[in-house]
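K.L.:
Give me a model of this one.
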Amino acid sequence: MKQKSPSPWAILAVTSLAVFAVMLDALVLFVAFPAIERSFSGVSGAQLSWVLNAYTIVYGALLVPAGRFADRVGRKRVFLAGATLFTLASVLCGLAGSPALLIAARVLQAVGGAMLTPTSLA
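P.N.:
Sure thing, here's the model as predicted:
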C-alpha cells in the first residue's frame with residue numbers, strides 16, 4: 001500500500017509556523033524583560049541580561065552547524081527534533097524558578113531554534 005505524502009501547503013504552513021515561533025521567541029523577550037526583572041528582583045540586570053544573550057549567542061553560533069548536521073542525518077529528522085526540543089525548553093522557561101534555570105532553558109531553546117531554522121528553509 002502506497003503511503004500518501006503530505007500536501008506541500010501543509011508542509012509550508014508547519015515550517016513557517018516553526019520559524020515564526022523561533023523569531024517571536026527571540027524578539028518577545030525584549031518586551032518581557034522588565035517583568036522578568038521584577039520576578040527576580042534580587043538579581044542584577046547584568047546577570048539577567050544573560051537570559052537574552054544566552055539565546056542570541058547560542059542560536060547564532062549553531063545555525064550553520066545545525067544546517068550541516070541536517071544535511072548529514074536528514075532535514076525532517078532534525079526539524080522534528082528541533083521542534084520537540086524548542087517546545088520542551090519553552091515549557092522549562094515557564095517553570096524556571098531561578099535565573100540559572102531560566103538561562104539554561106533559554107540555551108536549550110536556542111539549540112532547538114537553531115535546528116528549526118535551516119531545516120525549515122530546506
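
K.L.:
What are the boundaries of the helices in the protein?
P.N.:
Along the chain, counting by DSSP state H, helices occupy 8-39, 45-73, 75-95, 99-121.

K.L.:
any weak-confidence spans in this structure?
P.N.:
1 (pLDDT under 70).

K.L.:
Swap in 80 and give it another go.
P.N.:
Applying pLDDT under 80 to the chain flags residues 1-3, 122.

K.L.:
Quick check: Ala89 vs Val78, distance?
P.N.:
16 Å (C-beta to C-beta, to the nearest Å). Any C-beta I mention is one placed from the backbone N, CA and C, and that applies to glycine too.

K.L.:
With Phe40 instead?
P.N.:
Separation of Phe40 from Val78 (C-beta to C-beta) stands at 33 Å.

K.L.:
more neighbours, the two?
P.N.:
Val78 (22 against 16; other C-beta atoms under 10 Å).

K.L.:
That one contacts Ala114, doesn't it?
P.N.:
No: here Val78 lies out of contact with Ala114, judged by C-beta atoms under 8 Å, at a distance of 10.0 Å.

K.L.:
Which residues are in contact with each of those two?
P.N.:
Ala66 (C-beta atoms under 8 Å, 6 or more residues apart in numbering).
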